[in-house]
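Okay, predicted coordinates and the sequence, questions at the end:
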Amino acid sequence: MMFRKLAVPILVLALVGGCSRRGELVTGGISAVRSACPSVAVAAQTGDITLFDPVTSRDASAIDVTATLTNVRSTCAEGPTEIVTTVTFDVLARRTRTDAARSVTLPYYVAVLRGGSQVTAKRVGNVAVQFAAGEGRAQTSGQVTSSVNTAAATLPEAVRERLTRRRRPGDEDAAVDPLADPEIRAQVLNSTFETIVGFQLTADQLKYNATR
């Protein structure tokens, strides 16, 4: 799969799949509201990036720039035909040499996962960090918007009924979790979506993050 690199820090993901509608799961008098909006997080091992000079070195003395992707936040607007999620994040950077002003461009990605593993959309963009002369720290931010087709993400009515039906003591299936049914569990998993962000790292950079 090929992904187009964008030159601006604002991306739009047009998805054919998405997250389920809001549903209330009631079991034994306890209800849990399942949001239609995807959860948002930084992917493991991709929240930090380290640039070296020279680039082939991995010595601490060769560290040029380090940056962290943090403060990930999201807002979600649910509509009758689509669910729109806007994700914002900050990039905090440090550099070793502080003599002159400098701009450093860092690549990042945004991906949507379905069922915890299936990538339904991914885009790569760039954020530019501006260091002032004499300053060793800099900060910038990025933003991404995803659009999800609501109808494509809705659970079948029969599955929704199984999940939301009130169970009373004495019922034959009162103590049976409907998610124990592999078919029901698969349907729910298939309608569960996550938005993940992180730096777009090379294989060497991923290895460095995993072993440092």
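The structure has been received and is ready for your questions.

Quick check: which ranges of the protein have low pLDDT?
Scanning the chain with the threshold set as pLDDT under 70 gives 1-36, 152, 160-181.

What are the boundaries of the strands in it?
10-14, 23-27, 30-34, 39-42, 48-52, 63-78, 82-95, 102-114, 118-131, 137-149, 193-199 (DSSP state E).

just those: most buried one?
Ranked by mean neighbour count, those are led by strand 193-199 with a mean of 22 (mean count of other Cβ atoms under 10 Å). Using the backbone N, CA and C atoms, a C-beta is placed for each residue, glycine as well.

Chain neighbours aside, what residue packs nearest to residue 97?
residue 64 (7.6 Å; Cβ to Cβ, 6 or more residues apart in numbering).

I'd say the one you found and residue 96 touch.
Yes - applying Cβ atoms under 8 Å as the test, residue 64 and residue 96 come out as touching, 5.8 Å apart.

what's near enough to touch the nearest residue to residue 194 once chain neighbours are set aside?
Distances taken as Cβ to Cβ, 6+ apart put residue 113 closest to residue 194, at 4.6 Å, once the chain neighbours are dropped. By Cβ atoms under 8 Å, 6 or more residues apart in numbering, the residues touching residue 113 are 119-120, 193-196.

of all the residues you listed, which comes closest to residue 187?
For the contacts of residue 113, the minimum distance to residue 187 (Cβ to Cβ) is 13.7 Å, reached by residue 193.

what sits opposite that closest one in the beta ladder?
Beta-bridge pairing of residue 193 under DSSP bridges involves residue 114.

thought it was touching residue 76?
No - between residue 193 and residue 76 there is no contact under Cβ under 8 Å: 11.4 Å.

hey, what's in contact with both of those two?
Here residue 193 and residue 76 have no joint contacts, going by Cβ under 8 Å, 6+ apart.

Please tell me how far the residue nearest to residue 194 sits from residue 43.
9 Å (Cβ to Cβ, to the nearest Å).

Give me the common contacts of those two.
By Cβ under 8 Å, 6+ apart, residue 113 and residue 43 have these common neighbours: residue 196.

Distance check, the residue nearest to residue 107 when sequence neighbours are not counted against residue 142.
Distances taken as Cβ to Cβ, 6+ apart place residue 200 nearest to residue 107, at 4.0 Å, with adjacent residues excluded. Here the criterion is Cβ to Cβ. By it, residue 200 lies 12 Å from residue 142.
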